[in-house]
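In: my questions are about this predicted structure, shown below with the sequence.
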Amino acid sequence: MGMDMKQMMRQAQKMQRELATAQDEIKDMTYTATSGGGVVTAVARGDGRIESLTIKPEVVDPEDVSLLEDMITAAVNEALKGVSEQADKRLSSVTGGMNIPGMPGLM
């Protein structure tokens, strides 16, 4: 009749432990992205926060604030996307790509 209930429970508990480990690892992940040829750098964390934002002083032009805003937005969005993709890969390594109901999303 296939897998017995005890074996299924052991496998479910093992996956639960592995998911908890993966989620802890994801919290510590970072992803660095740049824009404007490296003049703006954003570092995002696996928990969806921006860890740091660095702007080279030579790009600060009071006459063109919108360009700086665009570069910041681009770097932050890329950093958040990158860390989200890393987290998805880590979770997929545990779940085998299965979508588990009730599994909280990253962000």
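Out: Sure, I can see it.
In: chain center to the helix or strand encompassing residue 17, what's the gap?
Out: In this assignment (DSSP states H and E), residue 17 forms part of helix 5-28. With CA atoms, centre = their mean, to the nearest Å as the basis, helix 5-28 stands 19 Å off its chain's centre.
In: and that helix, what's buried?
Out: Going by neighbour count (16 or more other CB atoms under 10 Å), the buried part of helix 5-28 is 19, 22, 23, 26. Every C-beta, even on glycine, is put in place using the N, C-alpha and C of the backbone.
In: who does it touch, helix- and strand-wise?
Out: Here helix 5-28 is seen to pack against helix 65-95 when contacts are counted using 3 or more CB pairs under 8 Å, 6 or more residues apart in numbering; DSSP states H and E.
In: mind listing what's buried along the helix it packs on?
Out: The neighbour-count check on helix 65-95 (16+ other CB under 10 Å) flags 68, 71-72, 74-76, 78-80, 82-84, 86-87, 90-91, 94 as buried.
In: okay, now the unreliable bits of this protein?
Out: Counting by pLDDT under 70, the chain has low-confidence residues at 1-3, 97-107.
In: residue 47 and residue 27 touch, don't they?
Out: Yes. Using CB atoms under 8 Å, residue 47 is in contact with residue 27, at 5.0 Å.
In: picking that back up, what is the orientation angle of the helix holding residue 17 with helix 65-95?
Out: Put simply, helix 5-28 runs at 160 degrees to helix 65-95, going by axes from the mean of the first three to the mean of the last three CA atoms, to 10 degrees.
In: beyond helix 5-28, next helix or strand please.
Out: Toward the C-terminal end, the helix or strand that comes next after helix 5-28 (DSSP H and E) is strand 30-35.
In: restricting to C-alpha, output the helix or strand immediately after that following strand in the chain in PDB.
Out: Downstream of strand 30-35, the first helix or strand assigned by DSSP H and E is strand 40-45. The C-alpha coordinates for strand 40-45 follow below in PDB (Å, rounded to 0.1, in the frame of the first residue of the first chain):
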ATOM      1  CA  VAL A  40      25.100  53.500  -6.600                       C
ATOM      2  CA  THR A  41      25.400  50.200  -4.700                       C
ATOM      3  CA  ALA A  42      22.600  48.600  -2.700                       C
ATOM      4  CA  VAL A  43      22.900  45.500  -0.500                       C
ATOM      5  CA  ALA A  44      19.700  43.600   0.300                       C
ATOM      6  CA  ARG A  45      19.200  41.000   3.000                       C
END
